[in-house]
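Q: sequence-free structure coming up:
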């Protein structure tokens, strides 16, 4: 069992992205066609990506199909306060996704997915007013998920399965010496592997209307690794991080066979993320206060089907999950807008999908409490992303 656990960690870590983010640190973009619609896909997904968006919808996909793709993103946040300017030094990131689906019987289907539902990070460096809060951070959560779907009749299906979640985190900031002087850099790095689950429903009373629901459980990780202050020995360190649960509800409407419009609301339980306490075994606990608030995401997306092509657009609004009092530039969250569009080509045995995504926000942080007063200022985010997905039908 121990060897198997180590092997799973190794395989997942090979594919682990370094730094990403969305609302809070949710990363919903796991398929190009879905992303083009702003991820308004829970009630209308009919590709192997249903493994992620709504496992119950696997009942709509006949036979055996495989989907693979990549999400490519670069984010830039500019900071300004009283004439002091700084920017993140983030590189382009590539995050893969993979789905497999097969029909076991007319009523039962099974699938397997690999994706990254949560991730965040920013590289600010040491020349900012808030270097004692964050100089660099990354959290990436990769998931391997086996699921099944059962179709009761032509209108109603259920789905669900397990999620095997590997998380890796790295945090860096400058320490504070006596009198408020800046000291050497502190670094924590840890990882964990733990189980969760997913459950979903799909209800289609007729060809025009469809309703979808997805619930993904929280996963309480105990990060284990090390911490070190520059110039001192490493210390074995652990800390708990609760990756939140969320609910996604979607309604899809097809006024004609050529059009599909979907509305989604997603609720993410970020209230679970409070103060993370690092324990390095010396008795001197290191608190990292986050104290986030639950968040809603509002989504609308549409697709137009013309011959063998699908043209899609979408808009989603991500509420801020981080109060001013505990604003942390390592995540840089804000009320954020996302504009999405894409095109797909449908063939007999092979489909391709492409999407472009632009995200932007402008947030002013004022009067945070205590040490977080260092983060006062304006944060202007500019994010570009591309998604490619390929579906193979057997």
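A: The structure has been received and is ready for your questions. Just so we're clear, the structure is a prediction, and the values are computed from it rather than from any experiment. Numbering: from 1, shown residues only.

Q: tell me the contacts of the closest residue to residue 39 other than its chain neighbours?
A: Closest residue to residue 39 apart from its sequence neighbours, by CB to CB, 6 or more residues apart in numbering: residue 28 at 4.7 Å. C-beta: built from backbone N, CA, C; applies to glycine. Going by CB atoms under 8 Å, 6 or more residues apart in numbering, residue 28 touches 22, 39, 117, 266, 297.

Q: List the residue ranges of the stretch 151-300 of the chain that fall below the pLDDT cut-off.
A: Within the stretch 151-300 of the chain, no stretch has pLDDT under 70.

Q: Show me where it has its strands.
A: 156-176, 182-203, 209-216, 219-229, 235-243, 246-253, 259-268, 275-278, 286-289, 295-306 (DSSP state E, counting those that start in this stretch).

Q: One more: the stretch 1-150 of the chain?
A: 65-81, 84-87, 93-103, 108-123, 136-151.

Q: got those strands as a markdown table, with mean neighbour count columns?
A: Formatted as a markdown table, these follow (neighbours: other CB atoms under 10 Å):
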| stretch | mean neighbour count |
| --- | --- |
| strand 65-81 | 19 |
| strand 84-87 | 14 |
| strand 93-103 | 20 |
| strand 108-123 | 22 |
| strand 136-151 | 23 |
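
Q: out of the ones you listed, nearest to residue 387?
A: strand 65-81 (5.1 Å; CB to CB).

Q: Mind giving me the packing neighbours of the closest one?
A: strand 84-87, strand 93-103, strand 350-365, strand 377-393 (3 or more CB pairs under 8 Å, 6 or more residues apart in numbering; DSSP states H and E).

Q: how big is the angle separating the third one from strand 65-81?
A: What that stands for is strand 350-365. Note on geometry: by axes from the mean of the first three to the mean of the last three CA atoms, to 10 degrees, strand 350-365 and strand 65-81 are set 20 degrees apart in direction.

Q: Reformat the strands of the stretch 1-150 of the chain as TSV; add distance to residue 338.
A: Converted to TSV, the strands of the stretch 1-150 of the chain look like this (distance: least, CB to CB, whole Å):
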stretch	distance to residue 338
strand 65-81	11
strand 84-87	21
strand 93-103	16
strand 108-123	16
strand 136-151	20
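
Q: hmm, back to that, do you know which of the strands of the stretch 151-300 of the chain lies nearest residue 93?
A: For the strands of the stretch 151-300 of the chain, proximity to residue 93 was assessed by CB to CB; strand 156-176 is nearest, at 14.0 Å.

Q: quick one: strands adjacent to the closest one?
A: strand 136-151 (antiparallel), strand 182-203 (antiparallel) (DSSP bridges).

Q: On the strand side of things, show who the closest residue in space to residue 392 that isn't next to it in sequence bridges to.
A: Leaving aside its sequence neighbours, residue 392 sits nearest to residue 66 (CB to CB, 6+ apart; 4.7 Å). Following DSSP bridges, residue 66 is listed with bridge partners residue 100, residue 392.

Q: partners of residue 383 in the sheet?
A: residue 75, residue 359.

Q: what's around it, how many residues?
A: Look at residue 383: counted by other CB atoms under 10 Å, it has 20 neighbours.

Q: Same check on residue 83?
A: Neighbour tally, residue 83, other CB under 10 Å: 5.

Q: do residue 350 as well
A: 11.

Q: from memory it sits against residue 392, does it?
A: Yes: Residue 350 is in contact with residue 392 according to CB atoms under 8 Å; the separation is 5.9 Å.

Q: Give the residues shared as contacts by the two.
A: Residues touching both residue 350 and residue 392 (CB under 8 Å, 6+ apart): there are none.

Q: Identify whichever of the helices and strands packed on strand 65-81 lies nearest to residue 314.
A: Of all the helices and strands packed on strand 65-81, strand 350-365 comes closest under CB to CB, at 8.8 Å.

Q: and that closest one with strand 377-393, angle?
A: Relative orientation of strand 350-365 and strand 377-393, computed by the same axes, to 10 degrees: 170 degrees.

Q: by contact count, what packs against strand 350-365?
A: Checking 3+ CB pairs under 8 Å, 6+ apart, strand 350-365 ends up next to helix 32-36, strand 65-81, strand 336-345, strand 377-393.

Q: quick one on the thing from earlier: make CSV from the helices and strands packed on strand 65-81 and add mean pLDDT and distance to residue 130 to it.
A: Shown next, in CSV, are the helices and strands packed on strand 65-81 (pLDDT from 0 to 100; distance: least, CB to CB, whole Å):
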stretch, mean pLDDT, distance to residue 130
strand 84-87, 95, 9
strand 93-103, 95, 23
strand 350-365, 96, 10
strand 377-393, 96, 8
